[in-house]
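A.B. asks: Coordinates only, no sequence provided:
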Ligand SMILES: Cc1cc2nc3c(=O)[nH]c(=O)nc-3n(C[C@H](O)[C@H](O)[C@H](O)COP(=O)(O)OP(=O)(O)OC[C@H]3O[C@@H](n4cnc5c(N)ncnc54)[C@H](O)[C@@H]3O)c2cc1C
Ligand code: SF4
Ligand code: FES
C-alpha cells in the first residue's frame, strides 16, 4: 500500500463536506483550552486560521518574519477573490466554480477538495463584509463583481486593485482582536527554522528571534504551516522579497511529502525586466485583461511606436487564437502565447521581450457610455477620452499609477508593455482532505500546500483558497486529530527532540559564518534563478532539465564553500536570514527539475516542449500521469516518488479548450 | 530628472543596535541607472559593501510595490523621499541626478526605537489595533453579504481610509511624533460603515488610550503627515476621530 491516503470522505460529491462536518469528532470547550496550536504565517491562511481557532477556544501562537502580521505577502494581491454567489444572475453556481477550477487546473486537482472550496466560497465574502472589509460596490449599495481568466461569469469580488490588502487587513484585525483578548500570542520578526517531531508527531518548532538572534523552542499539540509559496526560487518573481520555502522545506526534510513541486504559475501580465539590477518583478493584475487588449505588430521587428501602428497592422493574437475566451484565457495559455510571439520575433520594447496591453478601446467605450449617462449628446473627442479615462482610473487607477512609477510611461496614453513572470506555486506540501501533511499533527494551509489548483491556478482563486482553508476548513478538520490528543499534556521544551532540533539549527547557522567565502547570498540566488527560469520555467525539455539538475548541484557545492555572511548570529542580520532561505531554495530547485523531468506530459503551467499538439497547445497524458506526484525526502538530496491517483467521478475529463 | 547613469554620494545612518549610538556614514555608488528603484540602488551598495568585507546596511522592505508598508526611509529630510504619494520602494532613481548627495535616515520617533541602521520597531501600531481596530464578529457569525447595502460613496470613503498601509511615515514626519493619522484612518473606516456602529464608542476610546500609552505625541494640526502619507490618507479622518472620541467621552 502506498503511504499516502487522501482521506476524501465517501459518498456523493455534493454531500461529502456537509456529511464530514456533521460527523467529524469534536473537542469540547474545556479541552480546547488546554490544547496549544502553533501557526506559522500570518497571511490570509495563517491569520484566518489563527483567529478562528482562538475564537473557538484553542491556545494559539502565531509567527511571522515581517515586523507585523499585517505585512504578510497576501497584502500584495491586487485583482480579486472568487465566490460562487451568483449575485450577477449570470448562471454561476457552486458546481460551475468547481468545474471551472478543475478544468482551469488542467484536470490535475482533487474533485473532493475543489468542491469543498467552491461550497465555502460564498461564506468567505459574508465573513469579510461582516468584518468591515470595504469591497467594491455599485451605486445601489450592492457588491460589485468582475471577470477573471478562465471563466465566463462575473464572480470576482474586489477592492479596487488592493483586494489582498483589504482581505488581509480584515483577517489581521480578527487576529489582533484575539491578541488583545489574550487568546493568541503573536511573535513577529520570528522565523521558524525547524519542526520538532516526537514519536512521529509534530510537537513544536524552533524559531529564531530575528531582532536578537536567539533561538527559541515552542511546543504545540499541532503545527500549521501557512507560509506561502516558493516562487522566489526563480530569484525574480512577483512575490515579496522575503517569500521563501524554508518552513515547508524543513517540514519536508522531517517527513512531509512535497506535492507537484514543478507546477509553477507564470503570470502573463507583468512589467518586463529592465536591467541586471532588477530585484523583483511587478504584476499588472489580471483584472486588466477584462478591458485591456493584448497585441503585437503583425510585422516582425517592427520599430514604430505603438500609437503609430495602424489597427490593421496589429495582431490581437489571443482574440485570434482563442475566440471564445479572447483576452481572458487562463494564465498558462496567455503566457505561452506571449512567449511564442516574442520568440518568433514579434516582441516590442527595447528588449523585444514584451507585448502590448492596450486600453485605448476601453477608454473609447467607457467614454461613450459615460457621456450617455451624463446626457451629453454630442461629446467632443476630448470629452470622450476624458470620461473614458475617468472610468478606467476608477477601476484600475492604482495599477496605472504603479506602471507609471516603475516605467516612467503614462499608460493612459501609450499601451503598457508586459511580459510573463513567475507568480505562484501550485505545488507545495502534500496534504490530505484534512489539510494534514504526511506528518501527523502537521498541517499546511494556503499557498504552502499543493491542494486545490492542480497544474494551473485560476485568477482570484488563491485568496479564496487561503481564506477557505483558514476560516472554514481547518476549524473542523483539526478536530479529527486533536480530539485524540486531549490527554496529551504539554511536552517540556527540555525534551531531547527540542534540544536536538535546536542544535541542528545552530549547526547550520554556524556553518554559514564559518565558510568565510567571497560571494554574497544574492550572487548565488541570482544564478539559481537564471538556471530555473531558463530550464524549468515557461517551457521545459528533457535535456534542459537534466542540465539544470547538474548545474544546481554544482552551484550548491559552490554555495557551501564560497559563501560570505558577515556580522554575527546574535543580532539582527538580514544576510543570515537570506542565506538560510537560499540554502533551501538550492535543494528545492533540484526537486522541481526532477519532478518536471518525471512528468512526461504537458499540463497547465508545466509545459514540456516534447509534449505539445500541432497547434502548440499542452498535450496531457491522462493514461500515465493522472496523479499527484508526492515526493519523499530520503536525505542527501535523494527523493522517492509516491503517486496519488486522481479519480474523476463528477467531471468527465476532457481536452482543455478555450477556443 | 535623470536619463543617463549617475554617480552619487550617500550619507546613511548606521547604528549597530538600539543600545549603541549611531552616525551618518558616507558612501559612493557609481553607474546607477535611472530605471533602478531606490532600494535596488541600496542593494547595489550592499553588494559593494559585502564584497569589501563590510557589513551590509539593514533596512526593512518586502513587497517592493508600495503595499506592505514595510519600507521606511527618511530621504533628504522627507519620509519616503522627495515624491508625494509613494513609498520608498516605489521611488525610482530617475528622481535624482548625477552628482547628488542623498541623506538616508530611519524613522525617528520615541515610540519607534531603532533596531539596527534603518530598521525600526513599529509594533506599537499592532498594539493599538489590538485594542479596538476590528469588528467583533467570530468566524461563522456573518449574514449574507448583500443583506447590508452600503451606499457607494460611503463604501468608497471607508475604503479610502482603509488604504493605510501602516508604514508610520506620518509619525516620522510629525514634529510631535503623533500617530493620529494612522489611528484616525482605522477608526474612520469602521465609523463610516454600518457594521462598525455597535462598537463605535469603545473602539475610539480604547484605541486613543493605547495610542497615548505608547507615547505618541499630540496633534497640533500642522498637516505635515497628510502631505507625506504615501496613501493620501486625509486629515478629515483626524477630525472624524476627534468627534468620535468626544462623543464617546461625553456619554
Ligand atoms: C503580486 C501578487 C498579486 C496577487 N494577486 C492575487 C489576486 O488578485 N487574487 C488571488 O486570488 N491571488 C492573488 N495572488 C496570490 C495570493 O496573493 C497568494 O497566493 C496568497 O496571498 C498566499 O497567502 P498565504 O496565506 O498562503 O501566504 P502569505 O500571504 O505569503 O503569507 C506567508 C506568511 O508566512 C510567514 N512565514 C513564511 N515563512 C516563515 C518562517 N520560516 N517563519 C515564520 N514565518 C514565516 C510570513 O511571514 C507570512 O506571514 C497574488 C500574488 C502576488 C504575488
Ligand atoms: S496614515 Fe499614511 S503615513 Fe500613516 S501609517 Fe497610514 S499610510 Fe503610512
Ligand atoms: S516594501 Fe512594501 S511598501 Fe515598500
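C.D. replies: Now that the structure is in, tell me what you want to look at. In this text, all values refer to a predicted model and were calculated from it rather than measured experimentally. Ligands and ions are numbered 1, 2, ... in the order given.
A.B. asks: next one: phi and psi at the residue nearest to the spatial centre of chain B?
C.D. replies: Centroid-nearest residue in chain B: residue B:167, 2.0 Å away (criterion: CA atoms, centre = their mean). When read as degrees, to the nearest 10, the backbone of residue B:167 gives phi -80, psi -30.
A.B. asks: and it, what is it in contact with?
C.D. replies: Going by CB atoms under 8 Å, 6 or more residues apart in numbering or on different chains, residue B:167 touches B:69, B:70, B:71, B:72, B:80, B:87, B:230. C-beta here means a position set from N, CA and C on the backbone, and glycine is covered the same way.
A.B. asks: Please confirm that the fourth one is located within a strand.
C.D. replies: Put plainly, it is residue B:72. No. Applying DSSP: H, G, I helix; E, B strand; the rest coil, one finds residue B:72 to be coil, outside a strand.
A.B. asks: Let me know how buried it is, in neighbour terms.
C.D. replies: 25 (other CB atoms under 10 Å in any protein chain shown).
A.B. asks: Skip the chain neighbours and tell me the closest residue to it.
C.D. replies: Spatial nearest neighbour of residue B:72, excluding adjacent residues (CB to CB, 6 or more residues apart in numbering or on different chains): residue B:107 at 5.2 Å.
A.B. asks: Low-confidence bits of the chain, can you list those?
C.D. replies: The chain I'm using is chain A. A:1-2 (pLDDT under 70).
A.B. asks: Hmm, no, I was thinking of chain B.
C.D. replies: Within chain B, the stretches with pLDDT under 70 are B:1-3.
A.B. asks: hmm, 80 instead?
C.D. replies: B:1-3, B:251 (pLDDT under 80).
A.B. asks: Close to ligand 3: what parts of it are there?
C.D. replies: Contact residues (CB under 6 Å from any ligand atom) of chain B with ligand 3: B:61-64, B:66-71, B:87-89.
A.B. asks: Which of these fall in strands?
C.D. replies: Among the residues of chain B next to ligand 3, no residue falls in strands (DSSP state E).
A.B. asks: Produce a ChimeraX select command limited to the buried residues of those residues.
C.D. replies: Buried members of these, defined by 16 or more other CB atoms under 10 Å in any protein chain shown, are picked up in ChimeraX with:
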select /B:61,62,63,64,66,67,68,69,70,71,87,88,89
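A.B. asks: quick one: the closest residue to ligand 1 within the stretch 1-150 of chain B and chain A, what's the gap?
C.D. replies: Nearest to ligand 1 in the stretch 1-150 of chain B, going by CB to the nearest ligand atom, is residue B:65, at a distance of 7.0 Å. Separation of residue B:65 from chain A (CB to the nearest CB, to the nearest Å) stands at 5 Å.
A.B. asks: Would you check that that residue makes contact with residue B:88?
C.D. replies: No. Residue B:65 lies out of contact with residue B:88 (CB atoms under 8 Å); the separation is 11.6 Å.
A.B. asks: quick one: the helices in the stretch 51-200 of chain B?
C.D. replies: Assigned by DSSP state H, counting those that start in this stretch, the stretch 51-200 of chain B shows helices spanning B:123-130, B:152-162, B:169-173, B:180-191, B:200-213.
A.B. asks: could you dump the ones you listed to CSV with distance to ligand 2?
C.D. replies: Shown next, in CSV, are those (distance: least, CB to the nearest ligand atom, whole Å):
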stretch, distance to ligand 2
helix B:123-130, 7
helix B:152-162, 9
helix B:169-173, 3
helix B:180-191, 4
helix B:200-213, 12
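A.B. asks: In JSON lines, list these along with mean neighbour count.
C.D. replies: Output for the helices of the stretch 51-200 of chain B, formatted as JSON lines (neighbours: other CB atoms under 10 Å in any protein chain shown):
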{"stretch": "helix B:123-130", "mean neighbour count": "22"}
{"stretch": "helix B:152-162", "mean neighbour count": "20"}
{"stretch": "helix B:169-173", "mean neighbour count": "27"}
{"stretch": "helix B:180-191", "mean neighbour count": "27"}
{"stretch": "helix B:200-213", "mean neighbour count": "19"}
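A.B. asks: I'd like those helices laid out as TSV, including distance to residue A:217.
C.D. replies: Formatted as TSV, these follow (distance: least, CB to CB, whole Å):
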stretch	distance to residue A:217
helix B:123-130	22
helix B:152-162	38
helix B:169-173	35
helix B:180-191	35
helix B:200-213	31
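A.B. asks: I'd like to know which of those lies nearest to residue A:261.
C.D. replies: helix B:123-130 (34.4 Å; CB to CB).
A.B. asks: elements contacting that closest one?
C.D. replies: helix A:163-180, helix B:180-191, helix B:200-213 (3 or more CB pairs under 8 Å, 6 or more residues apart in numbering or on different chains; DSSP states H and E).
A.B. asks: So for residue B:17, which of these sits nearest?
C.D. replies: helix B:200-213 (24.9 Å).
A.B. asks: Please enumerate residues in contact with the closest one?
C.D. replies: Contacts for helix B:200-213 (CB under 8 Å, 6+ apart): B:127-133, B:179-180, B:183, B:186-187, B:190-191, B:196, B:241, B:244-245, B:247-249, B:251.
A.B. asks: Any idea how far the helix or strand that it is followed by is from the middle of the chain?
C.D. replies: The element immediately downstream of helix B:200-213 (helix or strand, assigned by DSSP states H and E) is helix B:224-228. Distance of helix B:224-228 from the chain centroid (CA atoms, centre = their mean, to the nearest Å) equals 11 Å.
A.B. asks: can I assume residue A:180 is in contact with residue B:131?
C.D. replies: Yes. With contact defined as CB under 8 Å, residue A:180 reaches residue B:131; the gap is 5.9 Å.
A.B. asks: of those two, who's got more company?
C.D. replies: Shown here are residue A:180 and residue B:131; by other CB under 10 Å, residue B:131 has more neighbours (22 against 19).
A.B. asks: if I look at that one, how far off is residue B:233?
C.D. replies: Distance, residue B:131 to residue B:233, using CB to CB, to the nearest Å: 20 Å.
A.B. asks: Kindly report the same for residue A:474.
C.D. replies: 34 Å.
A.B. asks: between these two, which one's more packed in?
C.D. replies: Applying other CB under 10 Å to residue A:474 and residue B:233 shows that residue A:474 carries more neighbours, namely 27 against 24.
A.B. asks: Nearest spatial neighbour of the more buried one, chain-adjacent residues omitted?
C.D. replies: Leaving out its chain neighbours, the residue that sits closest to residue A:474 by CB to CB, 6+ apart is residue A:49, at 5.0 Å.
A.B. asks: how many neighbours does that neighbour have?
C.D. replies: 34.
A.B. asks: Am I right that it sits in a helix?
C.D. replies: Yes. Under three-state DSSP, residue A:49 sits within a helix.
A.B. asks: Surely it touches residue A:470?
C.D. replies: Yes. The criterion here is CB under 8 Å, and residue A:49 meets it with residue A:470 at 3.7 Å.
A.B. asks: okay, and the common contacts of the two?
C.D. replies: Overlap of the contact sets of residue A:49 and residue A:470 (by CB under 8 Å, 6+ apart) consists of A:226, A:445.
A.B. asks: Count the neighbours of the residue in the stretch 401-550 of chain A that ligand 2 sits nearest to for me.
C.D. replies: Residue of the stretch 401-550 of chain A nearest ligand 2, by CB to the nearest ligand atom: residue A:401 (15.2 Å). Applying other CB under 10 Å, we find 18 residues neighbouring residue A:401.
A.B. asks: Now do whichever helix or strand it is part of and helix B:152-162, the angle between them.
C.D. replies: Using DSSP H and E, residue A:401 falls within helix A:381-407. If you take axes from the mean of the first three to the mean of the last three CA atoms, to 10 degrees, helix A:381-407 sits at 20 degrees to helix B:152-162.
A.B. asks: For residue B:221, give me its contacts.
C.D. replies: Going by CB under 8 Å, 6+ apart, residue B:221 touches residue B:235.
A.B. asks: Distance of it relative to ligand 2?
C.D. replies: Counting by CB to the nearest ligand atom, to the nearest Å, the separation of residue B:221 from ligand 2 is 15 Å.
A.B. asks: quick one: that residue from residue B:209, how far?
C.D. replies: 21 Å.
A.B. asks: and if you look at residue A:41?
C.D. replies: Counting by CB to CB - residue A:41 and residue B:209 are separated by 31 Å.
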